[in-house]
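Chemist: Following is a predicted model, sequence given first.
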Amino acid sequence: MTDRELERRLRDALDHAAPDDLEGLLSRCGDQKGTVIPMTKQNSKTSRRRFLPLLTAACLVVVIAGGAFGVSSYQQSHTVASIVSLDVNPSIELTLNSRERVLSATPLNDDAVAILDGMDLVGDGLNKAMNAIIGSLLMNGYVDELANSILITVEDSDAARAAALQQKLNQEAEAILANAQVNGAILTQVLENSDQLKTQADTYGISAGKAALIQTIVDASGGTQTFEGLVGLSINELNLLSSGATQSGTDTATTLTSTGTASQSAYIGSDAAQAAALQHAGVSASDASLLRTTFDYEDGRMVYEVEFRAGQTRYDYDIDAATGDVVSYQHKVQATQSSSGTDIGSAAAQSAALTHAGITSAQTTGLRAVGDYDDGLFVYEVEFWVGATEYDYEIDGYTGNVISYQVKTHTVSGGSSAGTGTGSGTGSGTDIGAAEAKAAALAAAGITEDQATGLRTERDYDDGRLVYEVDFWNGTTEYNYDIDGATGAVISSDIERHGSSTAGNTGSSGAASTGSSSTSTDIGTEAAKSAAFAAAGVAAGDAASVRVERDYDDGRLEYEVEFWNGTTEYDYTINGYTGEVIAYDRETHQTAANTDIGSDAAQAAALSAAGASQSQATGLRVQREYDDGRLEYEVEFWVGTTEWDITVDGATGSILAQQREDHPNAISPDQAVGRDAALTAALNHAGVSQSNAYDIEVEQELDSRTPHYEVQFKSGGMEYEYRIDASSGAVLSYESDWDD
């Protein structure tokens with residue numbers, strides 16, 4: 001190879017190894033922490049030719065080494081390592097490299113555009129960027145003594161770096177606000193990657209950090225708050241609500257920390273809210289005990305929830321946080337009742353409630369009274385509306401005394417109270433009335449009123465909007481409509497076609513075909529077991545831990561059959577009229593031990609642990625299962641009024657866990673009339689045959705103050721709920737209504 005050819009190949013290699021031309025790279029090779037070898041002038045052309053390849057090779061080594069360093073440095077400087085978002089009402093997102101230099105600053109809403117106006121944060125350190133952004137928030141009035149909360153969210157795949165950045169940002173924000181003499185409240189969180197949260201954030205045009213905070217509050221509210229309802233609130237308002245929220249049960253944010261106290265300066269304050277509630281209740285502060293005040297968000301407004309007791313009465317108030325007006329209140333008396341009283345009837349209960357409220361029946365809409373038991377007391381629940389005010393009373397079913405009452409005044413979106421007129425205007429204060437709402441729903445369904453059965457209309461408010469819920473049936477099709485109470489527009493609709501309550505219903509949710517049948521004869525428990533064993537190819541004698549439960553699903557009688565064979569678990573759903581398999585599931589488990597002591601030995605071990613003999617135990621039930629590869633037996637039984645739940649190791653017979661609970665007022669299962677008798681008593685009272693009933697549920701409550709069975713079923717478009725005395729089978733209470 002000649003010197004010229006070697007030089008050409010080296011030049012080609014350099015052209016492919018680094019950007020731009022060779023001369024440009026050679027001109028910069030002195031900047032790449034390499035050393036360019038000094039040249040000594042040579043007179044001989046041969047010497048120059050010999051030295052040229054050496055020089056070029058040396059520079060190639062320097063350039064390649066320097067180029068690799070440069071590429072690595074470039075990647076570190078331009079690769080996103082962390083995402084930081086700041087939320088007040090403006091929402092701003094910063095992307096950072098691993099050296100905490102800003103790569104981009106993005107406004108996530110219109111307010112944030114003004115905050116970043118004129119700023120060029122790219123390349124700045126995080127501290128400088130934070131100072132600039134929070135300074136602009138202060139200057140533009142988004143953070144002050146009235147609303148002092150800032151939410152800072154960190155997203156980073158490196159957990160340790162994310163935690164360190166969270167702490168640093170919290171300290172930095174506190175220091176900036178302190179220097180501005182603002183008592184700030186800082187919320188910081190590290191956010192895990194969540195597609196659901198990002199989808200919610202995109203849907204509502206907010207940051208993923210704000211979406212995570214809202215979801216935390218929703219999860220902690222127990223169903224009283226919705227994501228959609230909270231999305232329009234500011235960070236300061238969300239901070240006030242989050243003071244009672246915890247991270248339990250949510251996987252939205254790995255950490256949420258709070259420093260400082262969210263400002264209440266825009267509101268009347270806790271003391272004023274308490275004073276308003278006490279004054280309305282006619283209770284002096286000295287007579288009130290267990291006084292507690294918390295923030296909440298209801299019906300489109302921030303409220304103070306004030307709770308206290310005085311004497312035998314408990315008081316619950318919602319006070320408008322901005323005006324101090326009473327939004328809603330409830331008074332409940334700790335009452336006792338004789339078991340031998342006489343039922344006053346629903347008409348007298350309605351009269352007692354209306355008299356207490358100072359209202360005549362002609363002024364009300366939706367007046368309704370239902371007899372029920374509450375903590376052993378027979379009561380009537382009386383509900384009605386007057387304009388935009390909702391009343392809920394609990395009346396003693398024997399004396400007519402008011403046990404509790406709740407009054408809540410709603411506001412329509414736009415701030416106007418709902419009227420009681422029946423006009424068709426579209427203003428926020430207009431109420432079209434129940435008749436027009438009913439007509440709108442029927443028109444949407446394409447059904448005339450004489451074709452509808454079980455027609456029911458209920459007036460309600462949803463996030464400040466007046467809504468009529470209209471439910472009815474046409475044949476076996478069920479219709480549910482939500483109608484806008486101001487405009488008559490259909491907000492939502494749900495249409496469901498049901499099967500017959502007899503065996504002809506062939507709907508299925510299982511993996512196997514259900515077929516059809518013209519017979520309505522119950523095949524019984526033994527036939528259902530045999531059908532499941534046959535389908536599984538398991539002999540009856542080889543099946544262990546067999547359990548059969550009779551149920552109804554959409555009007556069809558079904559048997560749920562569960563059993564084991566070796567380490568395989570079987571679950572079958574059998575048509576209760578035909579014996580055909582509707583659905584099945586089988587699962588083979590693995591266990592570290594090959595020994596199985598059997599259900600009899602497990603039962604004996606559990607009874608021994610409880611110090612009881614088999615003759616003393618009632619309601620004895622043994623269930624075989626696997627937990628993380630370990631064979632276990634769950635043994636449940638009663639001894640007198642004591643309930644036992646014991647877990648036995650299926651290989652050794654040792655006790656893995658045991659739970660004992662005493663129920664002083666309870667009766668044991670052998671003293672109860674049984675589920676079948678309770679169902680029969682309820683059906684007989686309702687005048688419904690079992691063949692015409694569907695969606696049957698029977699639940700025993702043997703450990704309550706009054707041991708009873710709760711029986712529910714549907715028939716002919718009606719829904720029935722019964723409480724049956726567990727000792728005698730007598731009807732304690734009942735309620736029937738149109739099936740909605």
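Modeler: Done, it's in.
Chemist: Could you use CA atoms for every contact and neighbour count after this?
Modeler: Noted.
Chemist: quick one: low-confidence parts of the stretch 1-150 of the chain?
Modeler: Applying pLDDT under 70 to the stretch 1-150 of the chain flags the ranges 1-77.
Chemist: Swap in 80 and give it another go.
Modeler: Counting by pLDDT under 80, the ranges of the stretch 1-150 of the chain that qualify are 1-78.
Chemist: Do a quick rundown of the strands in the stretch 401-550 of the chain.
Modeler: In the stretch 401-550 of the chain, the segments counted as strands under DSSP state E, counting those that start in this stretch are 402-409, 453-462, 465-474, 477-484, 490-497, 544-553.
Chemist: Give me the below-cutoff pLDDT ranges for the stretch 401-550 of the chain.
Modeler: Residue ranges of the stretch 401-550 of the chain with pLDDT under 80: 410-430, 454, 461-465, 475-477, 494-521, 545, 550.
Chemist: Now do the strands in the stretch 201-350 of the chain.
Modeler: Under DSSP E, counting those that start in this stretch, the stretch 201-350 of the chain gives strands at 253-259, 289-298, 301-310, 313-320, 326-333.
Chemist: which outside residues touch the last one?
Modeler: The contact list for strand 326-333, computed with Cα atoms under 8 Å, 6 or more residues apart in numbering, reads 276-277, 312-320, 403-410.
Chemist: Please apply the same query to stretch 700-718.
Modeler: By Cα under 8 Å, 6+ apart, stretch 700-718 touches 375-376, 453-454, 473, 501, 663-669, 675, 678-679, 682, 688, 692-699, 719-727, 736-739.
Chemist: Can you tell me the centre-most residue of the chain?
Modeler: By Cα atoms, centre = their mean, the chain has its centre lying nearest to Asp219, at 5.3 Å.
Chemist: Just say which of the strands of the stretch 401-550 of the chain is most tucked in.
Modeler: Comparing those by mean neighbour count (mean count of other Cα atoms under 10 Å), strand 465-474 ranks first with a mean of 25.
Chemist: so what does that strand touch, helix or strand wise?
Modeler: Helices and strands touching strand 465-474, by 3 or more Cα pairs under 8 Å, 6 or more residues apart in numbering; DSSP states H and E, are helix 434-445, strand 453-462, strand 477-484.
Chemist: from the middle of its chain, how far away would stretch 567-579 be?
Modeler: 32 Å (Cα atoms, centre = their mean, to the nearest Å).
Chemist: Confirm that Glu634 sits in a strand.
Modeler: Yes. Glu634: assigned to a strand according to DSSP: H, G, I helix; E, B strand; the rest coil.
Chemist: thinking again about what came up before, next step: the contacts of stretch 700-718 restricted to strands.
Modeler: When the contacts of stretch 700-718 are checked against strands using DSSP state E, the ones located there are 453-454, 473, 694-699, 719-725, 736-738.
Chemist: what residues go with each domain of this protein?
Modeler: In terms of domains, the chain is parsed into 3-78, 82-259, 434-497, 525-588, 599-662, 669-738 (source: automatic domain parsing).
Chemist: For Thr399, find the nearest of the ones you listed.
Modeler: Nearest of the domains of the chain to Thr399, taken as Cα to Cα: domain 669-738 at 16.8 Å.
Chemist: From Ser328, how far off is the residue lying closest to Asp462 once chain neighbours are set aside?
Modeler: Spatial nearest neighbour of Asp462, excluding adjacent residues (Cα to Cα, 6 or more residues apart in numbering): Asp299 at 7.4 Å. Asp299 sits 11 Å away from Ser328, going by Cα to Cα, to the nearest Å.
Chemist: Those two: who's more crowded?
Modeler: Applying other Cα atoms under 10 Å to Asp299 and Ser328 shows that Ser328 carries more neighbours, namely 21 against 18.
Chemist: Report the contact partners of the residue lying closest to the more buried one once chain neighbours are set aside.
Modeler: Distances taken as Cα to Cα, 6+ apart place Lys408 nearest to Ser328, at 4.0 Å, with adjacent residues excluded. Contact analysis of Lys408 by Cα under 8 Å, 6+ apart lists Val327, Ser328, Tyr329, Thr389, Glu390, Tyr391.
Chemist: could you dump those residues to JSON lines with distance to Phe637?
Modeler: Formatted as JSON lines, the contacts of Lys408 follow (distance: Cα to Cα, whole Å):
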{"residue": "Val327", "distance to Phe637": "49"}
{"residue": "Ser328", "distance to Phe637": "46"}
{"residue": "Tyr329", "distance to Phe637": "44"}
{"residue": "Thr389", "distance to Phe637": "50"}
{"residue": "Glu390", "distance to Phe637": "46"}
{"residue": "Tyr391", "distance to Phe637": "45"}
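Chemist: burial count for Tyr572?
Modeler: With neighbours defined by other Cα under 10 Å, the count for Tyr572 comes to 26.
Chemist: Which pLDDT value belongs to it?
Modeler: Looking at Tyr572, its pLDDT is 91.
Chemist: is it in a bridge, and if so with what?
Modeler: Judged by DSSP bridges, the bridge partners of Tyr572 are Val561, Tyr584.
Chemist: List the contacts of it.
Modeler: Tyr572 touches Ala532, Glu560, Val561, Glu562, Val581, Ile582, Ala583, Tyr584, Asp585, counting by Cα under 8 Å, 6+ apart.
Chemist: If you rank those by neighbours, which is first?
Modeler: Counting neighbours by other Cα under 10 Å, Ala532 leads the contacts of Tyr572 with 27 neighbours.
Chemist: That one reaches Ile582, doesn't it?
Modeler: No. The criterion here is Cα atoms under 8 Å, and Ala532 misses it with Ile582 at 10.4 Å.
Chemist: Quickly list what's touching both of those two.
Modeler: Common contacts of Ala532 and Ile582 (Cα under 8 Å, 6+ apart): Tyr572, Ile574.
Chemist: Let's have the helices and strands packed on strand 465-474 in JSON lines, adding distance to Ala602.
Modeler: Output for those, formatted as JSON lines (distance: least, Cα to Cα, whole Å):
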{"stretch": "helix 434-445", "distance to Ala602": "58"}
{"stretch": "strand 453-462", "distance to Ala602": "52"}
{"stretch": "strand 477-484", "distance to Ala602": "49"}
